[in-house]
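Participant: coordinates only, sequence not included:
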Ligand SMILES: Nc1ncnc2c1ncn2[C@@H]1O[C@H](COP(=O)(O)OP(=O)(O)OP(=O)(O)O)[C@@H](O)[C@H]1O
Ligand SMILES: Nc1ncnc2c1ncn2[C@@H]1O[C@H](COP(=O)(O)OP(=O)(O)OP(=O)(O)O)[C@@H](O)[C@H]1O
Ligand code: SF4
Ligand code: SF4
Ligand SMILES: [Mg+2]
Ligand SMILES: [Mg+2]
């Protein structure tokens, strides 16, 4: 295992994750590398099925068992390889030093337990606290995530809260132990824009106050632009491009990144004009080829040999990398 | 408003659902999903409809399509009043107004081939011979950009974007004049979303269709709409040409909604109005301005008790607001 720079909290190197299915073993994450810096937000963006959630589940070691497996690669968290630590150690890291926020808050909450109790459980699992102190801290957490009348809300059940409130509770649970890293998988996708704005602001503020690192998974480029420092663009199980957020939006190189950025309608675009499209669709896991997976949709001219082999990760500038053949890398 | 040439107009339309409770499951309250909506859609126009989850967008769309029996108010299609018509009397109008939904998969029978699904409206309306219907199906598939061979396959064999095309083909079968599009691209990835939006814009130009386009993605609505109606708790609070509503929002709710849109440009610094609290339910809404309890600004009691007037503040720009939100100019 090579050296990890001190400013980096989490480094994923060449991660490969596969599922055993009726159709054989299918590789959902195929050699993915990226890093999350301390106190920063890394965004992961890409279309449905490109492997964003499986990447997060691999880091957390929460892959569905027995089908899901990490086949290769390292997940270096503060010097340890999470891909190989004993399950026991992983349990104490999870919820304590790394925690996760899911898209659908109801799946993360226990419907039959009071909200306060659910936060207390996390607190007492990792710390030695009296029940009264734990309850007190749980109420403080609810207050911190902006839930009005937290003493009363703590005694309520999840179904008594609105979707936005539930997501706040999930955030309170995720942050209860002061984790160093929070992995948020589409935390606002199920919410209205006005509530999304509240939740993103909340995550931003808490991050600033607590100095956490955040890995934010979303398919919304607007959310990426507003909240992230760095971005990874995933396509068909691979990271095709990664860069600082301003650099990525200003100077996208991969045909896929360019296609994504140009096909979204803009508020300042010409009304009713024809939108750019990306022809075709994302390939199924069972049809993945070793070469550039976006090539058939890219609309570019390709020498046949470009399509056969996996392309190298090429450096464009200091923090800007693209996994592409020279045609895309040149821009 | 001058409704003379509108293809569709609603007049103080209400759709209330009973909320049942108690041992006898009697109606104990009303969910006022649509609570007094008056709007018009012109021929060839796209009217965008935006608002938060639960504000009544889908219910309004379904009530206009007469999938629901409205509680009160009027729905006129080219001047013909639909609200009170019986099922039989409605039949000729059913062809004129069609709906497409967010998840085409749910509305496509998985056991039928795509050909059977698209042919179904012709069969119901007893139109054409078998051979003619087959030809029409092929024409419709071509129109939405699917190969003729798609007719023999099943919905599960298609991607989300292709299924949405199938839903559109079926909705177009009877040559409707008005299409109610309820979140038609919300379940699609951006690269596929733009294909479907282009298709809808092309079909409109080609066939002179009118759309009521419902979506919570404000950038999408802005792109495709001529005018936009902003809905809050069962009422239209603001209505204006698309550019005008984004450049010059007046109602406190419209301002908050527009400012909350995440802009895909990292150099853009948003000037954001963060709303307090949550979207309330339409059960027992306030009598006055529905948004007042959330808007933060100081309100006198009478503002909360009586609805502000819906007035035209500049050409084509309507807002239901008291002078605090909409000062006289
Ligand atoms: N338990 C499983 N068994 C088999 N394949 C799976 C399993 N879970 C996920 N996959 C496959 O792995 C691929 C990546 O899925 P993943 O959930 O990571 O996508 P995603 O990028 O998070 O998409 P979305 O934006 O829809 O959430 C998909 O093709 C998916 O079908
Ligand atoms: N068939 C029904 N019976 C009873 N209540 C209903 C029914 N349909 C909708 N409602 C209620 O009416 C209100 C408006 O719902 P509607 O589905 O129209 O909202 P919407 O604006 O389309 O929301 P979304 O953006 O989530 O689709 C909600 O409170 C909903 O619970
Ligand atoms: S030019 Fe190269 S990297 Fe770009 S899409 Fe084609 S094969 Fe892929
Ligand atoms: S100022 Fe008037 S119109 Fe605006 S939110 Fe308050 S009551 Fe409603
Ligand atoms: Mg996912
Ligand atoms: Mg709806």
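Facilitator: Here it is on my side, so go on. Note that this is a predicted model, so its numbers are computed, not measured. Ligands and ions are numbered 1, 2, ... in the order given.
Participant: Point out where the chain drops to low pLDDT.
Facilitator: Going with chain A. Scanning chain A for pLDDT under 70 picks out the ranges A:1-2.
Participant: please go with chain B instead
Facilitator: B:1-4, B:104-105, B:297, B:329.
Participant: give me that answer again for 50
Facilitator: Chain B contains residues with pLDDT under 50 at B:1-3.
Participant: for it, which helix is longest?
Facilitator: helix B:190-207 (DSSP state H).
Participant: Helix or strand next in line after it, which one?
Facilitator: For helix B:190-207, the following helix or strand on the C-terminal side (DSSP states H and E) is strand B:210-214.
Participant: quick one, that following strand and helix B:190-207 angle?
Facilitator: Angle of strand B:210-214 versus helix B:190-207, following axes from the mean of the first three to the mean of the last three C-alpha atoms, to 10 degrees, is 160 degrees.
Participant: is the very next helix or strand once past strand B:210-214 anywhere near chain A?
Facilitator: Counting by DSSP H and E, the element after strand B:210-214 in chain order, helix or strand, is helix B:218-224. Yes - part of helix B:218-224 sits near chain A under the criterion C-beta under 8 Å from any C-beta of the partner chain, namely B:218-220, B:222-224. The C-beta positions use only the backbone N, C-alpha and C, and glycine is treated the same way.
Participant: ok, of those residues, which one's closest to residue B:303?
Facilitator: residue B:218 (27.0 Å; C-beta to C-beta).
Participant: in the longest helix seen in chain A, what's buried?
Facilitator: Using DSSP H, we find that the single longest helix of chain A is helix A:193-210. Residues of helix A:193-210 classed as buried: A:193-200, A:202-203, A:206-207 (neighbour count, 16 or more other C-beta atoms under 10 Å in any protein chain shown).
Participant: I'd like the next helix or strand past it.
Facilitator: Past helix A:193-210, the next helix or strand by DSSP H and E is strand A:213-218.
Participant: Tell me the helix or strand right after that following strand.
Facilitator: Toward the C-terminus from strand A:213-218 - assigned by DSSP H and E - lies helix A:221-227.
Participant: what helices or strands is the following helix or strand past that following helix leaning on?
Facilitator: Sequence order places strand A:230-235 as the next helix or strand after helix A:221-227, per DSSP H and E. Other helices and strands packing on strand A:230-235, by 3 or more C-beta pairs under 8 Å, 6 or more residues apart in numbering or on different chains; DSSP states H and E, are strand A:24-37, strand A:41-45, strand A:238-244, helix A:245-250, helix A:255-263.
Participant: if we compare those, which one ends up closest to residue B:278?
Facilitator: strand A:41-45 (25.4 Å).
Participant: wait, does the next helix or strand after the closest one make contact with chain B?
Facilitator: The helix or strand immediately downstream of strand A:41-45 is helix A:52-60, counting by DSSP H and E. No - Helix A:52-60 stays out of contact with chain B when judged by C-beta under 8 Å from any C-beta, the minimum separation being 12.2 Å.
Participant: now what about helix A:52-60, what contacts it?
Facilitator: A:10, A:12, A:15, A:17, A:28-29, A:32, A:44-46, A:63-64, A:68, A:70, A:75, A:77, A:82-83, A:94, A:98, A:100, A:183, A:185, A:215, A:217, A:234 (C-beta atoms under 8 Å, 6 or more residues apart in numbering or on different chains).
Participant: Give me the buried entries from these.
Facilitator: Buried subset of the contacts of helix A:52-60 (neighbour count, 16+ other C-beta under 10 Å): A:10, A:12, A:15, A:17, A:28-29, A:32, A:44-46, A:63, A:68, A:70, A:75, A:77, A:82-83, A:94, A:98, A:100, A:183, A:185, A:215, A:217, A:234.
Participant: about what we covered before: would you mark the buried spots in the longest helix of chain B?
Facilitator: B:190-201, B:203-204.
Participant: want to throw the residues you listed into a markdown table with distance to chain A?
Facilitator: Formatted as a markdown table, the buried residues of helix B:190-207 follow (distance: C-beta to the nearest C-beta, whole Å):
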| residue | distance to chain A |
| --- | --- |
| B:190 | 5 |
| B:191 | 4 |
| B:192 | 7 |
| B:193 | 7 |
| B:194 | 4 |
| B:195 | 5 |
| B:196 | 9 |
| B:197 | 6 |
| B:198 | 6 |
| B:199 | 10 |
| B:200 | 10 |
| B:201 | 6 |
| B:203 | 13 |
| B:204 | 9 |
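Participant: Quick one: those residues as TSV, columns for distance to residue A:314 too.
Facilitator: Below are those laid out as TSV (distance: C-beta to C-beta, whole Å):
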residue	distance to residue A:314
B:190	25
B:191	23
B:192	28
B:193	30
B:194	28
B:195	30
B:196	34
B:197	34
B:198	33
B:199	36
B:200	39
B:201	38
B:203	42
B:204	43
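Participant: Out of these, flag the one nearest to residue B:177.
Facilitator: For the buried residues of helix B:190-207, the nearest to residue B:177 is residue B:204 (11.3 Å; C-beta to C-beta).
Participant: Quick check, central residue of the chain?
Facilitator: Answering for chain A, as no chain was given. Centrality entry for chain A: nearest residue to the mean C-alpha point is residue A:217, 3.0 Å, by C-alpha atoms, centre = their mean.
Participant: hmm, I had chain B in mind actually
Facilitator: residue B:214 (3.6 Å).
Participant: Please list all residues in contact with it.
Facilitator: Residue B:214 touches B:48-50, B:57-58, B:61, B:180-183, counting by C-beta under 8 Å, 6+ apart.
Participant: And the residue of the stretch 151-300 of chain A that's closest to chain B?
Facilitator: Chain B sits closest to residue A:222 of the stretch 151-300 of chain A, with a gap of 3.1 Å, by C-beta to the nearest C-beta.
Participant: Could you check how far that residue is from residue A:183?
Facilitator: 20 Å (C-beta to C-beta, to the nearest Å).
Participant: Surely residue B:6 and residue B:40 touch.
Facilitator: Yes - the pair residue B:6 / residue B:40 is scored as a contact, 4.0 Å apart, by C-beta atoms under 8 Å.
Participant: what about residue 128, neighbour count?
Facilitator: As the question left the chain open, I've gone with chain A. Applying other C-beta atoms under 10 Å in any protein chain shown, we find 6 other residues in the vicinity of residue A:128.
Participant: ah, no, chain B please
Facilitator: Using other C-beta under 10 Å, residue B:128 has 14 neighbouring residues.
Participant: One more: residue B:78?
Facilitator: For residue B:78, using other C-beta under 10 Å, the count is 14.
Participant: which ones are touching it?
Facilitator: If you count contacts by C-beta under 8 Å, 6+ apart, residue B:78 has them with B:6-8.
Participant: What of residue B:194?
Facilitator: Per C-beta under 8 Å, 6+ apart, neighbours of residue B:194: A:263-265, A:275-278.
Participant: so how far is residue B:224 from it?
Facilitator: From residue B:194 to residue B:224 the distance is 11 Å (C-beta to C-beta).
Participant: so what sits against both of those two?
Facilitator: Residues touching both residue B:194 and residue B:224 (C-beta under 8 Å, 6+ apart): residue A:265.
Participant: contacting residues around the closest residue to residue B:166 other than its chain neighbours?
Facilitator: Distances taken as C-beta to C-beta, 6 or more residues apart in numbering or on different chains place residue B:114 nearest to residue B:166, at 5.5 Å, with adjacent residues excluded. By C-beta under 8 Å, 6+ apart, the contact list for residue B:114 reads B:108, B:141, B:146, B:150-155, B:158, B:166.
Participant: Over to residue A:20?
Facilitator: A:66-67, A:69.
Participant: Now restrict those to buried residues only.
Facilitator: Using 16+ other C-beta under 10 Å, no member of these is buried.
Participant: So which of these sit within strands?
Facilitator: Here DSSP state E is the test, and the contacts of residue A:20 give residue A:69 as lying in strands.
Participant: any idea of the angle the longest helix of chain B forms with helix A:255-263?
Facilitator: Using the same axes, to 10 degrees, helix B:190-207 lies at 40 degrees relative to helix A:255-263.
Participant: Now do helix B:190-207 against strand A:41-45, angle only.
Facilitator: Going by the same axes, to 10 degrees, helix B:190-207 makes 50 degrees with strand A:41-45.
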